[in-house]
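J.: Sequence first, then the predicted structure:
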Amino acid sequence: MNIATIFPGQGSQSVGMLAEASERSPIVRERFAEASEVLSFDLWQLAQQGPSEVLGQTENTQPALLTASVALWEALQALRDVPLTVQAMAGHSLGEYSALVCAGAISFVDGVGLVRKRGELMQQAVPSGQGGMAAILGLDDSKVRACCAAVAGVVTAANYNAPGQIVIAGEKSAVTAAIQACKDAGAKRAVALDVSGPFHSPLMAPAAEEFSEVLNATQVHMPEITVVQNVEARPATDEHDIRANLVAQLSAPVRWTETIERLVSDGAEQFIEAGPGSVLSGLVKRIARGTSAVALSSPEGLDSAIGF
């Protein structure tokens with residue numbers, strides 16, 4: 001059975017995440033303690049007690065999710081009699097960093113510091129309240145792009161999550177206008193999202209420029225396990241390629257549908273979602289019918305993966 005591991009992005013966090021997993025494996029608390037040293041605050045306490053609005057600030061969300069995802073993946077491996085061999089990995093947006101850490105391309109300590117800085121730069125790129133994102137359901141990709149192009153201001157497709165499920169991002173007024181345009185074009189739903197910035201849009205260009213310098217100072221190796229990256233929905237060819245894709249990802253759309261399709265075309269039959277929640281497992285079922293997905297965040301999912 002060919003297995004691919006996938007790692008979630010922002011929005012999957014919740015206060016109390018990994019509480020059950022921490023009782024089953026000491027690795028969870030160990031990884032959070034290690035991340036806390038890098039960040040100089042107690043990340044486990046924030047993850048367990050919140051408040052949710054502080055956990056939801058992107059500079060906190062990003063290291064919390066990376067730590068949770070890496071810890072869950074390592075807990076699974078430790079709980080098994082024999083470590084699980086997977087053919088490939090991928091992560092949705094921030095989740096790509098979790099994939100690269102678990103695949104041996106970036107150290108855990110460097111990964112935590114990187115995504116903390118990534119979150120800070122993303123938050124600073126656009127003043128609060130000036131950018132936004134919206135989910136568009138039930139409209140073809142091309143029609144969504146046409147609606148974005150037809151309104152005044154900057155708004156573009158940001159996440160191609162599944163067929164008929166796209167997220168757009170840009171200037172708040174342009175996003176509002178695009179929501180109405182998508183509704184007029186026949187979208188089943190078009191709703192603004194409660195996020196802190198217009199992620200994966202051209203408005204993130206200032207963050208990308210500064211983040212490039214941070215990445216260039218970070219050790220990056222070719223992964224030991226194939227990682228399909230978001231920007232081009234393909235594996236990187238060298239370390240420079242990995243860095244370039246991570247920088248581009250800040251202001252380019254997440255091509256998640258194509259990423260899953262690439263994993264399936266390369267042989268993936270079973271997906272394991274390593275991280276809080278099960279959003280990606282649901283998307284996989286919409287994109288690649290005939291495959292299976294389990295989420296490690298539930299005791300049942302963890303038990304199932306232990307048995308693979």
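T.: Yes, it's here.

J.: Next, name the residue at the spatial heart of this structure.
T.: For the chain, G9 is the residue whose C-alpha lies nearest the centre (Cα atoms, centre = their mean; 2.5 Å).

J.: Tell me, what's the model's pLDDT at it?
T.: G9 carries a pLDDT score of 96 in this model.

J.: Could you pull up the residues touching it?
T.: By Cβ atoms under 8 Å, 6 or more residues apart in numbering, the residues touching G9 are 65, 91-95, 254. Any C-beta I mention is one placed from the backbone N, CA and C, and that applies to glycine too.

J.: Now with 6 Å, please.
T.: 92-95 (Cβ atoms under 6 Å, 6 or more residues apart in numbering).

J.: Could you identify the most distant pair in those residues?
T.: H92 and L94 (7.5 Å; Cβ to Cβ).

J.: burial measure for V144, as a count.
T.: Neighbours of V144 under the rule other Cβ atoms under 10 Å: 24.

J.: Which residues are in contact with it?
T.: 136, 157, 166.

J.: Wait, a strand at the first one?
T.: So that's I136. Yes - assessed by DSSP: H, G, I helix; E, B strand; the rest coil, I136 belongs to a strand.

J.: Surely it and G164 touch.
T.: No - contact criterion Cβ atoms under 6 Å: I136 and G164 do not qualify, at 8.7 Å.

J.: who has more neighbours, those two?
T.: I136 (27 against 16).

J.: ok, which stretches of this structure are strands?
T.: 3-7, 88-91, 131-137, 155-162, 165-171, 189-192, 226-229, 234-235, 270-273, 292-295 (DSSP state E).

J.: Work out the sheet partners of the first one and label each with its direction, please.
T.: It stands for strand 3-7. Its sheet considered, strand 3-7 pairs with strand 88-91 (parallel), strand 270-273 (parallel) by DSSP bridges.

J.: which residues touch the first one?
T.: Under the criterion Cβ under 6 Å, 6+ apart, residues 4-7, 98-99, 103, 225-228, 259, 263 lie in contact with strand 88-91.

J.: circling back: okay, the strands of the chain in JSON lines with distance to S14 next?
T.: Formatted as JSON lines, these follow (distance: least, Cβ to Cβ, whole Å):
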{"stretch": "strand 3-7", "distance to S14": "16"}
{"stretch": "strand 88-91", "distance to S14": "18"}
{"stretch": "strand 131-137", "distance to S14": "19"}
{"stretch": "strand 155-162", "distance to S14": "19"}
{"stretch": "strand 165-171", "distance to S14": "20"}
{"stretch": "strand 189-192", "distance to S14": "20"}
{"stretch": "strand 226-229", "distance to S14": "26"}
{"stretch": "strand 234-235", "distance to S14": "31"}
{"stretch": "strand 270-273", "distance to S14": "15"}
{"stretch": "strand 292-295", "distance to S14": "13"}
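
J.: what's the closest of those strands to E20?
T.: strand 292-295 (12.7 Å).

J.: now for the closest one, which elements pack on it?
T.: strand 270-273, helix 279-287, helix 299-306 (3 or more Cβ pairs under 6 Å, 6 or more residues apart in numbering; DSSP states H and E).

J.: related to what we said a few turns ago, right, and out of the contacts of strand 88-91, which lies closest to Q123?
T.: Checking the contacts of strand 88-91 one by one against Q123 (Cβ to Cβ), the nearest turns out to be S98, at 19.9 Å.

J.: so how many other residues sit close to that closest one?
T.: Around S98 there are 33 residues (other Cβ under 10 Å).

J.: ok, it to G11 distance?
T.: To G11, S98 is 14 Å away according to Cβ to Cβ, to the nearest Å.

J.: State the number of residues packed around P235.
T.: 20.

J.: How about the closest residue to it other than its chain neighbours: which residues does it bridge to?
T.: Excluding the flanking residues, the one nearest P235 by Cβ to Cβ, 6 or more residues apart in numbering is T226, at 5.0 Å. Per DSSP bridges, the residues bridged to T226 are A88.

J.: gap between the two ends of stretch 209-223?
T.: In stretch 209-223, first residue to last residue: 24 Å (Cα to Cα, to the nearest Å).

J.: Flag every buried residue along it.
T.: Within stretch 209-223, the residues that count as buried by 16 or more other Cβ atoms under 10 Å are 210-211, 215, 220, 222-223.
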